[in-house]
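# coordinates for the following, if possible.
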Amino acid sequence: MSKTPQRLAVMRLLINAERPLTAGDVLDGINGTLKINRVTVYRIMTTLKNKGIVREIPTADGINFYEMACIHNPNHPHFYCTGCKTMTCLEPLTQSETRNLLGGAKNFIIEGLSVNITGLCENCRKKRGGSRTSGGMK
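Have a look, this model is predicted:
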């Protein structure tokens, strides 16, 4: 993979991001410092995903988020807010928590795990006047 200024800018943005980003977030974060368009951002994200450099996190709303896929950012669950359309990283699951997700299934070979929780973040819940809590979930 050649080191184009656009690819390097996308990588820098993803490396420094505190949460998963959409292609739109990446475009907004780079525009003004470097000439880049939406199609180029999508192509770069697809290339980085295919090379295993970034992880793509799809949502039921059809919005894809991206984050670095490296030893410093192991696979972990996410919370997607359907109100403000943001994605938040949650703490990685322990081995025992992962086994509990499988229940009694013993004859599977696990090749990957994706846990994405959907709901309302605290700010959106307050805006809607709701008082629902997470039901004791962490």
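
# from here on, contacts and neighbour counts on C-alpha atoms
Noted.

# helices or strands up against the helix or strand of the chain with the lowest mean pLDDT?
With mean pLDDT, DSSP states H and E as the measure, the helix or strand of the chain carrying the lowest mean pLDDT is helix 95-102 (a mean of 76). Taking 3 or more Cα pairs under 8 Å, 6 or more residues apart in numbering; DSSP states H and E as contact, there are no helices or strands that helix 95-102 lies on.

# which SSE is immediately downstream of that helix?
Tracing the chain C-terminally past helix 95-102 and defining elements by DSSP states H and E, one meets strand 116-119 next.

# ok now that following strand, how far from the chain's centre?
Here strand 116-119 shows a centroid-to-chain-centroid distance of 12 Å under the convention Cα atoms, centre = their mean, to the nearest Å.

# which helices and strands does it pack with?
Helices and strands touching strand 116-119, as assessed by 3+ Cα pairs under 8 Å, 6+ apart, comprise strand 78-81.

# what does the strand it packs on contact?
Outside of strand 78-81, the residues that reach it under the criterion Cα atoms under 8 Å, 6 or more residues apart in numbering are 59, 86-90, 115-121.

# give the PyMOL command for selecting the buried subset of those residues.
Selection of the buried residues among those in PyMOL, burial being defined by 16 or more other Cα atoms under 10 Å:
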select buried, resi 59+86+87+88+89+115+116+120+121
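
# buried ones in stretch 87-106?
Going by neighbour count (16+ other Cα under 10 Å), the buried part of stretch 87-106 is 87, 88, 89.

# the first one is in contact with residue 18, isn't it?
So the one you mean is residue 87. No. Under the criterion of Cα atoms under 8 Å, residue 87 makes no contact with residue 18, lying 10.4 Å away.

# list the contacts for the spatially most central residue of the chain?
Residue closest to the mean C-alpha point of the chain, counted by Cα atoms, centre = their mean, is residue 20 at 4.0 Å. Residue 20 makes contacts with 14, 65, 66, 67, 87, 88, 89, as judged by Cα under 8 Å, 6+ apart.
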